[in-house]
Structure formats: structure tokens, C-alpha cells
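Novice: Quick one, what's the 3D model for this:
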Amino acid sequence: METPEALLARLELEVVRPLDGFLFGDYRGVFYGKSLELAEISPYAPGDEAERIDWPATARTGELHVRRFREERELTLWLYLDGSPSMRFGSRRREKYALALELALSAAYIALRHGNRVGALLPTGLLPPRGGKAQALLLAREGLRPGTGLPLGEGLGLLGRLARKRSLVLVLSDFLDPFYAPLSRLAARHDVVAVLVEDPWERALPEVGVMAFFDPETGEALEVNALDGRVREAYARRAEALRRARMGEIRRAGADPLLASTEMDLVPLLLELVRRRRWPSRARKAFS
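Specialist: Below is the predicted model of the structure:
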């Protein structure tokens with residue numbers, strides 16, 4: 001098992017430095033959102049960013065208008081890591097929880113390096129928002145400790161009570177527990193990115209013969225014949241329906257969904273996160 005120091009060093013080498021190469025050290029797009037204070041709404045000018053177009057004002061006046069913001073001096077990034085037993089599953093390079101932790105640490109590293117504060121609700125407890133390198137090390141140390149934490153809905157509700165100042169919130173979970181109401185309350189006050197973490201075997205069964213399934217949440221066991229094409233097809237249909245339902249529920253709650261799978265590399269995932277933060281879902285919908 002990696003030490004916290006070794007994990008942070010690996011992420012800096014394998015993730016943060018390659019991101020610097022792609023983005024030339026400019027991560028402002030990751031932290032764009034409700035953490036900016038609205039200063040005024042004024043007519044569009046060449047060079048204004050499309051995601052800042054104010055559509056109600058545009059419709060009312062018949063002329064493109066944009067929202068102009070005044071940046072707050074400091075952003076708080078809140079991280080929520082789901083430590084439920086289902087997050088400890090992984091058929092490939094890592095467990096779902098390990099992927100979630102690495103994503104969270106990479107985002108925290110970026111935020112802290114740019115002078116922001118990071119707080120976290122982890123399976124082992126609360127880390128109040130602080131800045132500096134010591135906070136990244138503490139996050140890695142606590143994230144590697146064993147723990148299950150609260151059920152997802154309760155954890156999101158607690159985070160909503162803890163995060164009083166408008167913040168960017170990164171929720172990392174497989175979203176298998178009920179979550180809609182507390183997530184919608186959280187998204188009403190904060191800029192929320194919900195990372196749905198999954199594993200390839202949760203989407204499709206491998207053709208390996210009889211497989212024994214064990215539900216870590218309930219303890220229920222079941223055997224299925226994965227060589228039966230009808231079984232694999234039914235499993236894939238049900239898995240796709242469940243994924244669509246969870247993604248749809250995240251969107252309806254007002255959060256920005258991002259899909260992450262245990263076979264994925266971290267750099268493309270974080271690049272997608274940057275792309276989504278620079279092109280918010282409301283603006284994408286307006287142009288679709």
C-alpha cells in the first residue's frame with residue numbers, strides 16, 4: 001500500500017505535470033462558477049466568453065447580453081468521498097474508491113497550488129477547509145485510512161450544513177444509495193460536480209462461466225452463468241438503464257455529472273472536468 005507521501009508524489013508526476021503541459025498551468029476554468037460574484041449584466045462585446053451569455057436578458061432586450069463577474073479572492077473547494085462498501089469494488093487497475101481518491105487529491109493539489117482552500121468529508125470524518133501543502137498531505141493520509149462514513153444521502157446533507165460559504169463541491173460516488181433531495185439542496189447553494197464512479201464489470205459481464213456475486217451492502221450472494229448470452233444481454237440492459245437513471249437524477253438535481261470508470265486514466269478525466277467547467281451545462285443546452 002502506498003504511503004500518503006508516495007501517492008502525492010506519483011499524482012504530481014503522472015497527473016499534474018502532464019496537465020500543466022496540456023493547459024500551460026491555467027486551471028482557472030476548473031474553478032469558474034458560483035464562486036464568482038455577479039457585478040453587472042451588459043451588452044455582449046467581441047471576446048466575451050459564450051458561457052457568460054445571460055439568456056433571460058438577451059430574450060428581454062433582443063440583444064446579446066453577458067454576465068460580468070467580480071472574482072472573489074479565495075475559493076473553497078469541498079470534496080465528498082463516498083466510502084460505502086460498493087465503492088471498494090474493482091475488476092481492473094484499481095477499486096472505485098481508489099480512483100475517487102486519486103481524482104479528489106489531484107483536484108485538491110490544483111486548488112491548493114493556486115492559493116485556494118480545500119475541505120473534505122471523508123469516510124473517516126471531516127477535514128475543515130484549509131490551504132497549503134500540509135492540507136494535501138492530510139487529505140491523502142485520511143483518505144487512505146479505512147472507513148465507511150455515512151450513507152450517501154446523510155453525508156450530502158451534512159456537507160450542505162458544513163459548507164456555508166458558496167463553494168465548488170466535488171462529489172465522488174457510485175450513487176447507488178438515495179441522493180436526489182440532499183444533492184438538489186446542495187446544488188441550489190453551490191457549484192456541484194457529481195462524479196459517478198463505476199467499473200467495467202458493472203456495465204457488462206465477462207464471458208468466464210459461472211460467476212459468484214456478493215453484495216457488500218446487504219451480504220446477499222448469487223451465482224450466474226456468464227456464458228449465457230441472454231444473461232449477459234439482460235445484465236447489460238439493466239446496467240445501462242441504471243446508469244442513465246442515476247445520470248438523469250444528477251442532472252435534475254442541478255449538479256454537473258461526470259462519468260469515471262476504473263479503467264480510465266486520470267489525465268483525460270481531469271481534462272474533461274476542465275472542459276466542463278469552462279463550458280457549463282446551462283450554456284451547452286442553450287446552444288444544443
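Novice: Tell me how many other residues crowd Leu137.
Specialist: 15 (other CB atoms under 10 Å). For glycine as for every other residue, the C-beta is placed from the backbone atoms N, C-alpha and C.
Novice: Setting aside sequence neighbours, what's the nearest residue to it?
Specialist: Nearest residue to Leu137, sequence neighbours excluded (CB to CB, 6 or more residues apart in numbering): Pro4, at 5.8 Å.
Novice: what does Thr124 give?
Specialist: Spatial nearest neighbour of Thr124, excluding adjacent residues (CB to CB, 6+ apart): Gly147 at 4.0 Å.
Novice: looking at this structure, which helix or strand is least sure?
Specialist: Taking mean pLDDT, DSSP states H and E as the measure, the chain has helix 281-287 as its least confident helix or strand, at a mean of 33.
Novice: Can you check the pLDDT for the residue nearest to Leu137?
Specialist: What the model reports as pLDDT for Pro4 is 96.
Novice: Repeat that for the one 10 residues further on.
Specialist: Per-residue pLDDT puts Glu14 at 93.
Novice: Contacts only, for the residue nearest to Leu137.
Specialist: Neighbouring residues of Pro4 by CB atoms under 8 Å, 6 or more residues apart in numbering: Leu137, Ala140, Arg141, Leu144.
Novice: Adding secondary structure, write these out as a markdown table.
Specialist: Below are the contacts of Pro4 laid out as a markdown table (DSSP: H, G, I helix; E, B strand; the rest coil):
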| residue | secondary structure |
| --- | --- |
| Leu137 | helix |
| Ala140 | helix |
| Arg141 | helix |
| Leu144 | helix |
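Novice: and those residues, which are buried?
Specialist: Buried members of the contacts of Pro4, counted by 16 or more other CB atoms under 10 Å: Ala140, Arg141, Leu144.
Novice: Closest one of the residues you listed to Arg189?
Specialist: Among the buried ones among the contacts of Pro4, Ala140 lies closest to Arg189 (CB to CB), at 28.0 Å.
Novice: other SSEs contacting the lengthiest helix in the chain?
Specialist: In the chain, ranked by residue count with DSSP state H as the criterion, the top helix is helix 229-252. Packing partners of helix 229-252 (3 or more CB pairs under 8 Å, 6 or more residues apart in numbering; DSSP states H and E): helix 180-189, strand 191-198, strand 221-225, strand 256-261.
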